[in-house]
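Colleague: next input, structure requested:
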Amino acid sequence: MVLDGKSDAAVQSNQFNQLLTQKTTAIFVGLNDAGALPTLAQGANRSGVLFQAAWNSPAWSTPWDSDQYGPDYNSFLIPDEYESVGKAVDVLAKQIGEEGTVVRVGGYYPSIDGCEVQRRLAVHHTLAKYPKIRFAGELHAKYDADLSQRATTSLLTRYPDTVGIVAVNDDAATGVVAGIEAAGKVPGKDVFVVGANGSTAGIERVVSGRQLVTTGNVPAYPSFVTVAQFHDRLRGWRPEPAERMYGWHAEIITRDNVAKFKARYVDAPIGQSFDVKLLSRTEHPRDFDLQFDAYPIEDLEHIWPGVPKPDGYTYPEAYLAAQRNGDFDRIRALYRDHYRSPVLGPSPYGRYA
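Modeller: Residues are numbered from 1 along each chain as shown. Now for the predicted structure:
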């Protein structure tokens, strides 16, 4: 069953609580309100329902913190947005000759969500490397295309010499491109656009040249990982403590490699993007294939850069024990060895059917 929270935290919370009263085995969420995650995890644990989350998490909240309520919060999944957005901004800097005015259309601010914080600071820190680039300012548009168009109009009016706009994701980039065109400018010629996520619309714009670059983190990937992990949990497998914060590195998508990305993740059926059976540790215990450059997240400061720890915060003991035992290093090496099918190569789907 797939439920749409309609970008409304209250709707999503009600849906979640209703599922807990039914014969539900497992729930996977991408949260509308990151702050709700600890409460949902606690509810799932108390109901004996397997739980997994991706993308949005409040600062310094981890699966290990939930263990006091039960064993059912399996893992949290988030790509390295700081690294990938930084690389995408480097592409923009090179395109504009490392000089000129750049602005940003963000999502929410202030925010304690790690994904949002990483994307914002990646832009600030990367542009700081280029002394001739002026970062003029940013407006926040809640990941909404219409609001992003209005924000773009305002920014271009305020800074008419803008040559680059960084959008928080490809949905926002849809509005950014519309705002550039409404201002009588040509995206990809007068103003260059950076997006994130590698959505269908974003990829189509990269193909056409209306968007310079996006990050190919493939938003569907954590869903495939989750299905495989739920399958495995029901067959007795459990992630080691060092595996419970799961990260992956995005590909940077430009016109140079967009054809390969589009063929696999846009043109082909979404269910064939990855092979969920190959992700399974019980179906393929010796030759499982992560199909992305994945890694266990050990550096929690990197997930919430610049976000202070809550008063009295202590690292969870399970996390500290995994560090002491060298488990993060061991799992990191294991994941490197089991990245078998390159992200921009053919899908392994059905290879072992």
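Colleague: may I see the buried residues of stretch 211-229?
Modeller: 211-219, 221-229 (16 or more other Cβ atoms under 10 Å). In this view, the C-beta of every residue, glycine as well, is placed from N, C-alpha and C.
Colleague: in strands only, show me those residues.
Modeller: 214, 215, 216 (DSSP state E).
Colleague: wait, doesn't the second one sit right on residue 250?
Modeller: Read it as residue 215. Yes: the pair residue 215 / residue 250 is scored as a contact, 4.3 Å apart, by Cβ atoms under 8 Å.
Colleague: hey, what's in contact with both of those two?
Modeller: Counting by Cβ atoms under 8 Å, 6 or more residues apart in numbering, the shared contacts of residue 215 and residue 250 are 79, 81, 84, 198.
Colleague: out of those residues, which is nearest to residue 239?
Modeller: residue 79 (17.8 Å; Cβ to Cβ).
Colleague: that closest one reaches residue 248, doesn't it?
Modeller: Yes: contact criterion Cβ under 8 Å: residue 79 and residue 248 qualify, at 5.1 Å.
Colleague: identify the contacts common to the two.
Modeller: residue 217.
Colleague: those two - which one has more neighbours?
Modeller: Each of residue 79 and residue 248 has its neighbours counted (other Cβ atoms under 10 Å); residue 79 has more, 28 against 24.
Colleague: so what's the more buried one up against?
Modeller: Per Cβ under 8 Å, 6+ apart, neighbours of residue 79: 215, 217, 247, 248, 249, 250.
Colleague: skipping its backbone neighbours, what lies nearest it in space?
Modeller: residue 217 (4.2 Å; Cβ to Cβ, 6 or more residues apart in numbering).
Colleague: likewise residue 11?
Modeller: residue 5 (5.2 Å).
Colleague: ok, residue 120 next?
Modeller: Using Cβ to Cβ, 6+ apart, the closest residue to residue 120 is residue 106 (5.8 Å).
Colleague: just grab the bridge partners of that neighbour for me.
Modeller: residue 140 (DSSP bridges).
Colleague: could you pull up the residues touching it?
Modeller: 116, 119, 120, 138, 139, 140, 141, 168, 172.
Colleague: and of the residues you listed, the nearest to residue 345?
Modeller: Using Cβ to Cβ, the contacts of residue 106 come closest to residue 345 at residue 119, 27.0 Å.
Colleague: and stretch 338-350, which residues are buried?
Modeller: Quick answer for stretch 338-350 (16+ other Cβ under 10 Å): 338, 339, 341, 343, 347, 348, 349.
Colleague: can you give me the helices for the stretch 151-300 of the chain?
Modeller: 170-182, 200-208, 221-233, 258-262, 276-279, 300-303 (DSSP state H, counting those that start in this stretch).
Colleague: are there helices or strands packed against the third one, and which ones?
Modeller: Pointing back at helix 221-233 there. When contacts are defined as 3 or more Cβ pairs under 8 Å, 6 or more residues apart in numbering; DSSP states H and E, helix 221-233 sits against strand 26-30, strand 50-54, strand 73-77, strand 245-248, helix 276-279.
Colleague: make it 6 Å
Modeller: strand 50-54, helix 276-279 (3 or more Cβ pairs under 6 Å, 6 or more residues apart in numbering; DSSP states H and E).
Colleague: name the helices or strands packed onto the first one?
Modeller: Here strand 50-54 is seen to pack against strand 26-30, helix 37-47, strand 73-77, helix 221-233 when contacts are counted using 3+ Cβ pairs under 6 Å, 6+ apart.
Colleague: the first one: how far from the chain's middle?
Modeller: Its chain's average C-alpha position is 15 Å from that of strand 26-30, according to Cα atoms, centre = their mean, to the nearest Å.
Colleague: can you list the strands that that strand pairs with?
Modeller: By DSSP bridges, strand 26-30 pairs with strand 50-54 (parallel).
Colleague: run through who's touching the strand it pairs with.
Modeller: The contact list for strand 50-54 (Cβ atoms under 6 Å, 6 or more residues apart in numbering) reads 26-30, 37, 41, 44, 72-77, 222, 226, 230, 233.
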